[in-house]
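S.K.: fold the following and give me the result.
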Amino acid sequence: MNWGEIFSLASALTWALAVILLRRSGKTLPPFELNLFKNCFGVVLMVPTILIFSGLALPDYSLSELFIIIVSGLLGIALADTWYLRALNLMGASRTGIVASLFSPFVILLSAVYLGERMALWQWLGFSMVIAGVLLVTWRVHRSEVESDDLKKGAIYGISAMLMMAVGIVMVKNILETRPFLWTVELRLAGGVAGMLIYILIGRRWQRVKQRFMQPQPWGIVVTASFLAAYLSLIMWLAGYKLIDASVASVLNETNGAFIVLLAWLVLGEQIGQRKLAGISLTLAGVVIMMIID
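M.R.: I've put the predicted structure just below:
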């Protein structure tokens, strides 16, 4: 087990905890406004972090590197998040969760094409077990009915979101490995926030967004969840991609679905049936295979 694998798993666990906190908050900000808040909060928190660990020295990025980082943030944070939330609204959480499992295959494919990465046979076995476990955890036999048009549109938005997220992380991996890490995280996050603000201005949604923020919210839980999601989890997520192959990191990230179900059982007292237990066990077994066998 190395630090990259630890960071990837810790990121999935931290993200799952953030989701549980948001579930526990009850009525909270709508998804887009919540994403905007947590990403802005992450940008602000990264400033003192950079000052503490990197000092006042400015990084020496080339124009092409800056362009790649900003575009990565636009694709992976602004565009992918927006499309993901649209899919969530159109076809519900369970179906969207299944579509989200496409993230790892997309990363594996793009990493093979653009980064020359290859997974060993035992890693493919672990990958198959993780994906199968996630599907067992997230699949529901009885779902609320969804109009066929909404289902098609939701699937397109969801698949496109996972593809953009995969493109965003693969295109910035080499920069994560060779350039100042914290600055890269900050610039990528800032690029995503800039994309969301542009979206608000173009769509003339500023007054509506402002009104949502002015309404009473459980800010303590929202701030805590934002700290976990847009700061701590994000740093560890990108650190995992910096230190190990993107294809391996993406598979370990898939464990967040199993962690969410497990934490919902432990913290919220939600029911956990035999199918979900089997899915969690299969997911964890797949992780052990990928991390132990080398």
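S.K.: worst-scoring helix or strand of this structure, pLDDT-wise?
M.R.: Lowest mean confidence among the helices and strands of the chain (mean pLDDT, DSSP states H and E): helix 93-100, at a mean of 68.
S.K.: what does the next helix or strand after that helix contact?
M.R.: Past helix 93-100, further along toward the C-terminus, the next helix or strand under DSSP states H and E is helix 103-110. Under the contact criterion Cβ atoms under 8 Å, 6 or more residues apart in numbering, helix 103-110 has outside partners 117, 119, 127, 130-131, 162-163, 165-167, 169-170, 246-247, 249-251, 253-254. For glycine as for every other residue, the C-beta is placed from the backbone atoms N, C-alpha and C.
S.K.: hmm, try it at 10 Å
M.R.: 80, 115, 117-119, 123-124, 127, 130-131, 134, 159, 161-167, 169-171, 173, 241, 245-254 (Cβ atoms under 10 Å, 6 or more residues apart in numbering).
S.K.: and stretch 190-210, by the same measure?
M.R.: Taking Cβ under 10 Å, 6+ apart as the rule, stretch 190-210 contacts 29-30, 32-33, 35-37, 39-43, 46, 66-82, 168, 212, 230.
S.K.: enumerate the positions of the biggest helix by length in the chain that are buried.
M.R.: When the chain is parsed with DSSP state H, its longest helix is helix 148-178. Within helix 148-178, the residues that count as buried by 16 or more other Cβ atoms under 10 Å are 154-155, 157-173, 175-176.
S.K.: compute the inter-axis angle for the helix or strand just after it and helix 148-178.
M.R.: As assigned by DSSP H and E, the chain's next helix or strand after helix 148-178 is helix 181-202. Here helix 181-202 points in a direction 150 degrees away from that of helix 148-178 (axes from the mean of the first three to the mean of the last three Cα atoms, to 10 degrees).
S.K.: can you give me the helices for the stretch 1-150 of the chain?
M.R.: 3-24, 31-54, 63-73, 80-91, 93-100, 103-110, 121-138, 148-178 (DSSP state H, counting those that start in this stretch).
S.K.: comparing those helices, which yields the minimum mean pLDDT?
M.R.: Of all these, the minimum mean pLDDT falls on helix 93-100 (a mean of 68).
S.K.: low-confidence ranges, the stretch 151-294 of the chain, go.
M.R.: 268, 270, 291-294 (pLDDT under 70).
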